[in-house]
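Student: Compute the structure for the input listed below.
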Amino acid sequence: MTELKRISLTVVFSGLFLCMNAQVNNEYLKKQEQDRKKFEREQRRDFERFSRKHQEGIKKLDEEFKEFLKKEWKRYELFKAEYPLSGPKPEKIPEYEEDEPDIPEEIITEQEEVQKPKPVRAKPVPVVREEMPPEGENISVCSFDFYGAGVDVRYDEGFSFDLPDVVNEEVIAAGWEQMAASPMNAVSGQLLAEKKRMSLNDWGYYLLVREFSEKIMPDRNERVFAQWYLLTRSNYKVRLAYAANRLYLLMPSINTIYEVPYFTFDDQRYYLINGNVNNVFTYDKDHPEANIIFDLNLYRPLNAGHVINTDEFTFKTGGGEQKIEVRYNLSTVKFYNDYPLANVEVYFDAAVSAVTKESFKNDLMPLIALNTEEEAVSVLLHFVQTAFMYETDQKQFGKEKVFFPEELFYYPASDCEDRAVLFSYLVRELTGLDVVGVEYPGHMAAAVNFKDDVPGDFLIHEGKKYVICDPTYINAPIGATMPEYKHSSVKVIPVKKRRTEFSGRR
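Tutor: The predicted structure follows:
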């Protein structure tokens, strides 16, 4: 066989092989596509079967819940609201005197330290969301502004209803039945999607539901009823109550909520969040699918509107006067203004928006980056001590208010717990050192766990030494306690740790 024939045969066989291989590949790909479509059909069929079964289950639970609501409700006497931070706050804060005696003392901590509320981790319940029917005669769009973010919620006008002037168990049970017959999951599903989009915590979601109900319901009782229904549909534990023909919401929370009356059921507080009465009629059983207890902690910053403000702050350090710029989100500050007064751990542990964190990184971090830990903390301490005006909450707001870290840059003045919150955040965020809040009778400061031995007044918490840092005691160094609290016992406020980029000079 000549060389030319051998080459020709090789080409022919190679072509046949490639054709056969391509055919096999095509058949394999075709089978893969068929298997994929079959799998998707089976998945869709299983989901539809689950959805039907789940909806049937919900209808059965709704029917049972409706019958339960018809039963005679009990009268509950509400406990009076609690108020934070015992003892009067200083009207005027002292300035540190250089010649004050500097004899380190161990601070006595009370045996019962302030404990963080433990989140209640409920067993997840699958929620199948209905699709909103196509736009038609009865479909409306509710559009509103939510802290600078635009929200659109499509709803069936049958979702709205009229409550009679006289409120009782029969009326509420009938209202539940009417709501349950409307495409409620389509509404709650959209609201939950907005909750995720804007990184809302549980309180933020309540405010979203409240805003929606206020837009579509003309009557106060109808709005409260809609809030109760939508929150229950979103699997939140929340109860409806009435007194003198007015409806109220009772919200359980893993956190302490101050200045709000409450009643206790099965060791769980239910707070009356939209009124102030001495007693109410309510029931003692949640909807079977309602398994979420409200958590007021801010694990993630709000992601709604972005109205950024920039302010300049001047403060004094050992190296002289310093100026920094801080950017903060006015929409977030507005959200905080609608926040209930909670236990201080909520404020100490709160997440801070990215724009403000970036300001700290750009302006404060360069001032401490090459310092020792003690020098770095001293700069941050003097910043909080001298950059802000002092004023008690009663004089500034007429009531008690604790600031989240960003709020100090918006309001004209701040008091002791506000400064302790900001200082502890800055220390943890910029240096990575552990911090605790220190609560005196009528005053609050902080304490830092240094890796090196730093002199000054200190306390022992969980076997570690924490040195007192008082961001309200003007020009006071690390380790100095205000004279009037020098021999007071304290409560320790545990604060969660943060990651940091600080390296420092060792």
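Student: Helices along this structure, start to end?
Tutor: Ranges of helices in the chain, per DSSP state H, are 3-70, 169-180, 184-197, 202-216, 220-233, 330-337, 345-348, 354-359, 365-368, 373-386, 393-396, 416-431.
Student: low pLDDT regions in the stretch 401-506 of the chain?
Tutor: The model of the stretch 401-506 of the chain has pLDDT under 70 over residues 498-506.
Student: same deal with the stretch 51-200 of the chain?
Tutor: Looking at the stretch 51-200 of the chain by pLDDT under 70, you get 51-57, 85-88, 99-102, 111-137, 160, 184.
Student: If we use 80, what do you get?
Tutor: Within the stretch 51-200 of the chain, the ranges that satisfy pLDDT under 80 run 51-59, 84-91, 98-104, 108-138, 157-162, 182-185.
Student: domains in this structure, as residue ranges please.
Tutor: The chain resolves into domains spanning 1-70, 125-282, 308-494 when parsed by automatic domain parsing.
Student: Mind putting the ones you listed into CSV with mean neighbour count and distance to Pro301?
Tutor: Where you see a C-beta, it was placed from the backbone N, CA and C, and this is true even at glycine. Listed next are the domains of the chain as CSV, based on neighbours: other CB atoms under 10 Å; distance: least, CB to CB, whole Å:
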stretch, mean neighbour count, distance to Pro301
domain 1-70, 11, 34
domain 125-282, 18, 7
domain 308-494, 19, 4
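Student: Quick one: those as a markdown table, columns for distance to Glu98 too.
Tutor: Shown next, in a markdown table, are the domains of the chain (distance: least, CB to CB, whole Å):
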| stretch | distance to Glu98 |
| --- | --- |
| domain 1-70 | 69 |
| domain 125-282 | 39 |
| domain 308-494 | 9 |
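Student: which one of those domains lies closest to Pro104?
Tutor: Evaluated over the domains of the chain, closeness to Pro104 peaks at domain 308-494, with 5.4 Å, by CB to CB.
Student: Could you give the separation of that closest one from the chain centroid?
Tutor: 20 Å (CA atoms, centre = their mean, to the nearest Å).
Student: Let me have the helices of the chain in TSV, extended by distance to Tyr76.
Tutor: Output for the helices of the chain, formatted as TSV (distance: least, CB to CB, whole Å):
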stretch	distance to Tyr76
helix 3-70	16
helix 169-180	15
helix 184-197	27
helix 202-216	21
helix 220-233	16
helix 330-337	30
helix 345-348	26
helix 354-359	42
helix 365-368	52
helix 373-386	44
helix 393-396	31
helix 416-431	32
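Student: Tell me which of these lies nearest to Glu105.
Tutor: Of the helices of the chain, nearest to Glu105 by CB to CB is helix 373-386, at 18.8 Å.
Student: what's the closest of the domains of the chain to Glu110?
Tutor: Closest among the domains of the chain, using CB to CB: domain 308-494, at 5.2 Å.
Student: now do the same end-to-end measure for that closest one.
Tutor: End-to-end distance for domain 308-494, by CA to CA, to the nearest Å: 31 Å.
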